[in-house]
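1. sequence unknown, structure follows:
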């Protein structure tokens, strides 16, 4: 049974006959009620399912990061859903079933806040990654913007990150990682506005082997 949330002329929530009413961020939606599938899954459909599963597994360790990084992606899609959409559209290489995700093609943050210039990273002692950037002022960016750092060991599904790092005006920050021999980390950097109203695109800084 459906529920009229705004009177007889408004939207509804719940199931009414063959349709289901719901809303997201105040926007009402109507969709068909679920029907159990009876026909056989095609090869193309199975390939798409596998692709979706790979994307979900790749993003799972990054959930807190992409929630911030893809905030406000569109009016209706943001966070994890937006990151998955970007990954599916831009980051797969190869031909099914021999496909893989290329970390260098992925953005873990998406937005119009400018990056700083001359962004670099180097591996120091005791599991420290030293990130640096030009701390000079950037047009339409703030000195109090905070850096977002990510080191992602894809093979072991382990991510080390900081969403509220040093201010842009500082020019450097460090991230502590596990130095177990054999690990390889995919490295990314982005900036978030001090009031969290927007963020920059991320920049991929290559792979670092321990």
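-> Yes, it's here. Just so it is clear, the model here is predicted, and its values are computed rather than measured.

2. Please enumerate the strands of the protein.
-> 3-4, 12-16, 19-24, 27-32, 92-95, 98-101, 120-123, 128-132, 146-153, 158-162, 172-176, 184-192, 203-209 (DSSP state E).

3. nearest to residue 82, of those?
-> strand 19-24 (13.3 Å; CB to CB). Every C-beta, even on glycine, is put in place using the N, C-alpha and C of the backbone.

4. Residue 67 and residue 109, how far apart?
-> 11 Å (CB to CB, to the nearest Å).

5. hang on, the earlier thing: using JSON lines, lay out the strands of the chain together with mean neighbour count, mean pLDDT and distance to residue 82.
-> Formatted as JSON lines, these follow (neighbours: other CB atoms under 10 Å; pLDDT from 0 to 100; distance: least, CB to CB, whole Å):
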{"stretch": "strand 3-4", "mean neighbour count": "12", "mean pLDDT": "56", "distance to residue 82": "29"}
{"stretch": "strand 12-16", "mean neighbour count": "15", "mean pLDDT": "62", "distance to residue 82": "25"}
{"stretch": "strand 19-24", "mean neighbour count": "14", "mean pLDDT": "61", "distance to residue 82": "13"}
{"stretch": "strand 27-32", "mean neighbour count": "10", "mean pLDDT": "62", "distance to residue 82": "16"}
{"stretch": "strand 92-95", "mean neighbour count": "12", "mean pLDDT": "94", "distance to residue 82": "17"}
{"stretch": "strand 98-101", "mean neighbour count": "12", "mean pLDDT": "96", "distance to residue 82": "16"}
{"stretch": "strand 120-123", "mean neighbour count": "15", "mean pLDDT": "96", "distance to residue 82": "25"}
{"stretch": "strand 128-132", "mean neighbour count": "17", "mean pLDDT": "97", "distance to residue 82": "24"}
{"stretch": "strand 146-153", "mean neighbour count": "24", "mean pLDDT": "98", "distance to residue 82": "16"}
{"stretch": "strand 158-162", "mean neighbour count": "18", "mean pLDDT": "98", "distance to residue 82": "18"}
{"stretch": "strand 172-176", "mean neighbour count": "16", "mean pLDDT": "98", "distance to residue 82": "24"}
{"stretch": "strand 184-192", "mean neighbour count": "24", "mean pLDDT": "98", "distance to residue 82": "14"}
{"stretch": "strand 203-209", "mean neighbour count": "15", "mean pLDDT": "97", "distance to residue 82": "18"}
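
6. That concludes my questions; thank you for your assistance.
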